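Peer 1: one predicted model, sequence on top.
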Amino acid sequence: MSATLTADDVRVTFHRRDRVPVVAVDGVSLAVPAGGAVGLVGESGSGKSTLARVITGIQKPDGGSVRLDGELLRPRRSPSQRRQIQLVFQDPYSSLNPRRTIRSVLRELLAVHGLARGDCAEERCAELMALVGLPEAALDRKPSAFSGGQRQRLAIARALAVEPSLIVADEPVSALDVSIQATILELFAGLRAQLGVGLLLISHNLAVVRQLCDEVAVMYQGRIVEVGERDQIFDAPQHPYTRTLLDAVPRLPRSNSAGDAPGEP
């Protein structure tokens, strides 16, 4: 079941010894509707990843709030609240234990969250592999046996295992070869259509955002400077920084809708 995420006036400042404090997120408000897909774009250092860490509960904000369907998500979240928002990292290897098989990782997640045990857990593990386009035999291998694209599929399976309402994907394809990027984007589009899970896609790649997202928020120096529907942002940007981002891209592929990408083969 999807849910609406709202972040309101989120602020994060990093204090470093003998250095000027760095304001990473400066009063940001953002919403991801239930089942929707929002792209958060901006150059490196704009505060996108810090905001993602606040939304997922990894980073404690200095101020502001994060709510899911109106329920306040405090920095110390309940297991149920942690389940609802899952983060997919840029480096898929970082979210997978290199010493354990995929089966053992998934079974532990299912058991810890009280979702499935025994034969039910086995069925769920197989189902997760099918969802991300991998064979069931992958469950008995360790992360080092997989390619970068396959590892990202496994990281997505890990996120889906706890049945989240929202996935926060932080540069999920930037570490992959261009040919592999397309298949992962198709996977995200297919999962969104099949499961109805919401998506907050963080990326500096505007073509990726245009392909997957319904709405776009542009972040610059810790602030959201423009937000709107995808076509409005790409075809008629209002803020000078948004126009600068678009001007830096030679060519952006057009799509009729965020769900145009074909399903995973």
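Peer 2: That came through, no problem.
Peer 1: S94 and L185, how far apart?
Peer 2: S94 sits 20 Å away from L185, going by CB to CB, to the nearest Å. C-beta here means a position set from N, CA and C on the backbone, and glycine is covered the same way.
Peer 1: please enumerate the strands of the stretch 151-265 of the chain.
Peer 2: 166-170, 198-203, 215-220, 223-229 (DSSP state E, counting those that start in this stretch).
Peer 1: which other residues reach the longest one?
Peer 2: I take that to be strand 223-229. In this structure, residues lying in contact with strand 223-229 by CB atoms under 8 Å, 6 or more residues apart in numbering are 26-30, 47, 214-219, 233, 237-239, 241-242.
Peer 1: okay, G39: pLDDT?
Peer 2: Per-residue pLDDT puts G39 at 96.
Peer 1: checking my notes, it in a strand, right?
Peer 2: Yes. Using DSSP: H, G, I helix; E, B strand; the rest coil, the assignment for G39 is a strand.
Peer 1: returning to what we had before: nearest to I156, out of the strands of the stretch 151-265 of the chain?
Peer 2: strand 166-170 (7.8 Å; CB to CB).
Peer 1: for S104, what is the enclosing helix or strand?
Peer 2: According to DSSP states H and E, S104 maps onto helix 102-112.
Peer 1: just the buried residues of that helix, please?
Peer 2: Across helix 102-112, burial judged by 16 or more other CB atoms under 10 Å covers I102, R103, V105, L106, R107, L109, L110.
Peer 1: which one's more surrounded, S94 and L185?
Peer 2: L185 (19 against 9; other CB atoms under 10 Å).
Peer 1: mean confidence for stretch 26-34?
Peer 2: 96.
Peer 1: work out the gap between that stretch and the centre of the chain.
Peer 2: 14 Å (CA atoms, centre = their mean, to the nearest Å).
Peer 1: show me what it is in contact with.
Peer 2: If you take CB under 8 Å, 6+ apart as the criterion, stretch 26-34 is touched by 2-11, 38, 40, 47, 51, 64, 69, 165-166, 198-200, 217, 219, 221-224, 227.
Peer 1: follow-up on the earlier one: next, the buried residues of whichever helix or strand comes after the helix holding S104.
Peer 2: Once the chain leaves helix 102-112, the next helix or strand it forms, by DSSP H and E, is helix 118-131. For helix 118-131, a neighbour-count test (16+ other CB under 10 Å) marks A121, E122, R124, C125, L128, M129, L131 as buried.
Peer 1: quick one, helices of the stretch 151-265 of the chain?
Peer 2: Here the stretch 151-265 of the chain has its helices, by DSSP state H, counting those that start in this stretch, at 178-195, 206-212, 230-235, 240-247.
Peer 1: what is the last one packed up against?
Peer 2: Using 3 or more CB pairs under 8 Å, 6 or more residues apart in numbering; DSSP states H and E as the contact test, the elements touching helix 240-247 are strand 215-220, strand 223-229.
Peer 1: so which of those is the most surrounded?
Peer 2: strand 215-220 (a mean of 23; mean count of other CB atoms under 10 Å).
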